[in-house]
Structure formats: structure tokens, C-alpha cells
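Participant: sequence isn't available, so here's the structure alone:
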């Protein structure tokens with residue numbers, strides 16, 4: 001499904017010449033965190049936040065508070081994962097969509113974009129989740145892919161789930177094979193296994209051997 005199919009036009013942006021009371025009335029009626037604003041030529045100017053709107057004087061025009069406009073938006077060509085990033089960066093639940101001429105086309109709702117992530121193979125395909133960790137300067141995605149594929153696995157999704165100056169944490173969705181051999185290979189390549197959402201046979205094997213040794217020594 002194309003992302004453009006999620007553009008919504010039921011709520012039109014306010015004009016910068018509207019009064020503040022019009023903005024406050026919209027916020028009273030809707031659950032949006034922001035309301036987009038355009039000029040007379042349908043050119044997007046930015047969005048007012050709900051928090052700011054109730055600090056303005058009702059009888060004043062929005063143009064008086066243009067300095068408070070927040071200028072986040074996406075293009076009609078922006079990929080959905082980038083759209084999700086802009087949502088997160090700006091703490092908003094509505095995202096204005098513009099064409100190359102900066103004309104307002106409509107908006108995306110956060111829940112619709114999140115649903116696309118939920119419908120991706122990362123969540124819908126059968127497989128195991130594996131989280132590995134290594135030094136920031138020591139890992140590579142090509143090495144990660146080689147480790148998975150050399151053990152007969154297929155990567156259904158991968159992303160950096162944690163990053164700092166010392167360590168990087170990679171979350172993988174792996175299909176078509178069990179995780180045990182893959183986990184052991186990651187260990188041989190000096191990756192720390194943070195989490196494996198499938199039985200870690202390596203650990204279970206160590207526990208069994210340890211239990212056997214204890215029994216043997218107690219004979």
C-alpha cells in the first residue's frame with residue numbers, strides 16, 4: 001500500500017489571518033497536538049502546538065504569533081520510516097504533508113504510520129528475535145548478515161536499538177532457522193548476546209553439563 005493513501009484532508013489548515021479563538025476552538029474539538037497553518041496561496045507556514053495556543057489572546061490574529069510556528073513537515077515522497085522519525089523527533093501526532101512547491105496536501109496521523117510498521121515482515125513473519133551487542137567501532141552490518149546467513153538464517157528486519165560511545169546494540173528478526181547455531185557464531189565473533197527470544201541451546205547445554213558434573217562429584 002502506498003503511503004500517499006494515508007493522507008487525510010478532513011481537517012483543513014487554518015489561515016494565518018484567522019483569529020486565535022479559531023485555533024483554540026479546533027483544539028477543543030480535536031485530539032491533535034498541533035494544528036497546521038497556511039497563507040492565502042495554500043503555502044504551508046508551520047504548525048501551532050496546543051500548549052502554545054492557550055497562551056495567546058483570543059481576539060488577536062494568528063499572524064501576531066507567527067514566531068511560535070513549528071516548521072516540521074514531510075514531503076509526499078518521504079518514505080514511511082523517515083516519516084516515523086519526524087513524528088518522534090517533534091513529539092507530535094499529526095504530520096503535515098507538502099509537495100515540492102511547499103503546498104499543503106493534507107496530513108498523516110501517527111497511529112496510521114505506526115500501523116505500517118506493525119504490518120511489516122519484522123512483526124508478521126515467523127521467526128526469532130535476537131539482540132546482540134558489540135563495540136561501536138567493531139561491528140558491521142555486513143558481518144552481522146554473514147553470521148546469520150552462513151547458518152541458514154534470513155534477516156527479516158534489523159535496526160540499531162541502542163547506541164552510545166562504547167557499545168552498539170542491534171535487534172534482529174531472523175527466519176527460516178533456529179537461533180542456537182547463530183547465537184554460538186555471534187559469540188565466536190565476540191558479540192554479546194543481550195537477548196534471544198528462542199531457547200538458547202548453548203546456555204542450556206552448559207547448565208546440563210554443570211548439573212552432570214555436580215552429580216558426578218557428589219557420587
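Facilitator: Alright, I've got the coordinates. Being a predicted model, the structure only gives us computed values, none of them experimental. Residues are numbered from 1 along each chain as shown.

Participant: any idea how far residue 96 is from residue 63?
Facilitator: Applying C-beta to C-beta, to the nearest Å, the value for residue 63 to residue 96 is 18 Å. Just so you know, the C-beta spots here come from the backbone N, C-alpha and C atoms, and that holds for glycine as well.

Participant: and the strands in the chain?
Facilitator: For the chain, the strands defined by DSSP state E cover 14-15, 34-38, 44-49, 74-75, 94-98, 104-109, 128-135, 154-163, 167-175, 192-196.

Participant: show me what the last one is packed up against.
Facilitator: Counting contacts by 3 or more C-beta pairs under 8 Å, 6 or more residues apart in numbering; DSSP states H and E, strand 192-196 is packed against strand 128-135, helix 180-188.

Participant: what lines up beside it in the sheet?
Facilitator: Sheet pairing for strand 192-196, assigned by DSSP bridges, gives strand 128-135 (antiparallel).

Participant: could you do the second one as well?
Facilitator: Sheet pairing here is set by DSSP bridges, and for strand 34-38 it gives strand 14-15 (parallel), strand 44-49 (antiparallel).

Participant: so which residues make contact with the shortest one?
Facilitator: In this structure, residues lying in contact with strand 14-15 by C-beta atoms under 8 Å, 6 or more residues apart in numbering are 22, 23, 26, 35, 36, 37, 38, 39, 40, 62.

Participant: what's the neighbour count on the first one?
Facilitator: Summarising burial for residue 22: neighbours were counted as other C-beta atoms under 10 Å, giving 15.

Participant: what's across from the spatially closest residue to it that is not a sequence neighbour in the sheet?
Facilitator: Closest residue in space to residue 22, ignoring its immediate chain neighbours: residue 14 at 5.9 Å, by C-beta to C-beta, 6 or more residues apart in numbering. Taking DSSP bridges as the rule, residue 14 bridges to residue 37.

Participant: before we move on, the earlier item: most packed of the strands paired with strand 34-38?
Facilitator: With neighbours taken as mean count of other C-beta atoms under 10 Å, the strands paired with strand 34-38 reach their highest mean count in strand 44-49, at a mean of 22.

Participant: so how far is that strand off the chain centroid?
Facilitator: 23 Å (C-alpha atoms, centre = their mean, to the nearest Å).

Participant: can you list contacts of that strand?
Facilitator: Contacts for strand 44-49 (C-beta under 8 Å, 6+ apart): 13, 16, 23, 33-39, 62, 65-66, 68-73, 92, 94, 96, 98, 102-104.

Participant: quick one, domains of this structure?
Facilitator: Domain ranges of the chain: 3-117, 121-212, per automatic domain parsing.

Participant: mean pLDDT for the ones you listed: which is lowest?
Facilitator: Comparing mean pLDDT across the domains of the chain, the lowest value falls on domain 121-212: a mean of 82.

Participant: distance from the chain centre to that domain, please.
Facilitator: 21 Å.

Participant: who's more crowded, residue 63 and residue 96?
Facilitator: Ranked by neighbour count (other C-beta under 10 Å), residue 63 and residue 96 place residue 96 first, with 25 against 13.
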